[in-house]
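In: Predicted model, plus sequence, below.
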Amino acid sequence: MRQLSSLFLLVVLLSGLSGCGAVTVDEYANNQPTLTPETFFQGQLTAHGVIKDRGGTVIRYFNADIKAYWQDGIGTLEEDFLFDDGEPDRRVWTLTPTGEGRYVGTAGDVVGEGKITVAGNSMFLDYVLQIPWDDGTLDLRIDDRMYLVNPTTLINESIMTKFGIRVGEILLVISKVAD
């Protein structure tokens, strides 16, 4: 019983410590260039990235073509992926502004709405993604952090968790295609 109490105390302390170091998008409010989703996510883009397992080993590579446009204030990102094993995938995001620097994002394989916040050169997106797993699906929380490094290039890092435990990450670069 004493060991169980000690373990519980350790988990509570570590949970508290991990919350103390959480980075918010507002910490990047003064960073340049300013990321405006309606400007960056407009027209043709490409994405190139890797998926890593929980140990940091790259397990998949992918490339994607993205068609992005805004109509009546609502953004649409049509993402067509091709993975290194030849598997194609498609995700269509809808981005809806909800206030200054705030949006909700929805997609067919996203549970509910993703919460998007934008400040300075950064955009954070928090959502639950359903991925195929065995004969069903697995829900993973995705913590997407995007940083505009120049007017045509965005770096994206995504942490994937299940029950609060890190299970993988995605690293990618999104580039605007010259007209």
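Out: That came through fine. Residues are numbered from 1 along each chain as shown.
In: Identify the spatial nearest neighbour of the residue most central in space within the chain, chain neighbours not counted.
Out: For the chain, the residue nearest the mean C-alpha position is Asp144 (2.5 Å; C-alpha atoms, centre = their mean). Residue nearest to Asp144 in three dimensions, not counting chain neighbours: Leu125, with 3.9 Å by C-beta to C-beta, 6 or more residues apart in numbering. No exception for glycine: its C-beta is placed from N, CA and C like everyone else's.
In: Give me the next element, helix or strand, following whichever strand or helix holds that neighbour.
Out: In this structure, Leu125 sits in strand 122-133 according to DSSP states H and E. Elements were assigned by DSSP H and E; along the chain past strand 122-133, the next helix or strand is strand 136-150.
In: any idea how far the residue nearest to Lys176 when sequence neighbours are not counted lies from Val111?
Out: The shortest distance from Lys176 to any non-neighbouring residue, by C-beta to C-beta, 6+ apart, is to Thr152 (4.2 Å). Using C-beta to C-beta, to the nearest Å, Thr152 is found at 32 Å from Val111.
In: if I pick Lys147, what's in contact with it?
Out: One correction, residue 147 is Tyr, not Lys. With contacts defined as C-beta atoms under 8 Å, 6 or more residues apart in numbering, Tyr147 is in contact with Tyr28, Asn31, Leu35, Asn121, Ser122, Leu154, Ile155, Asn156.
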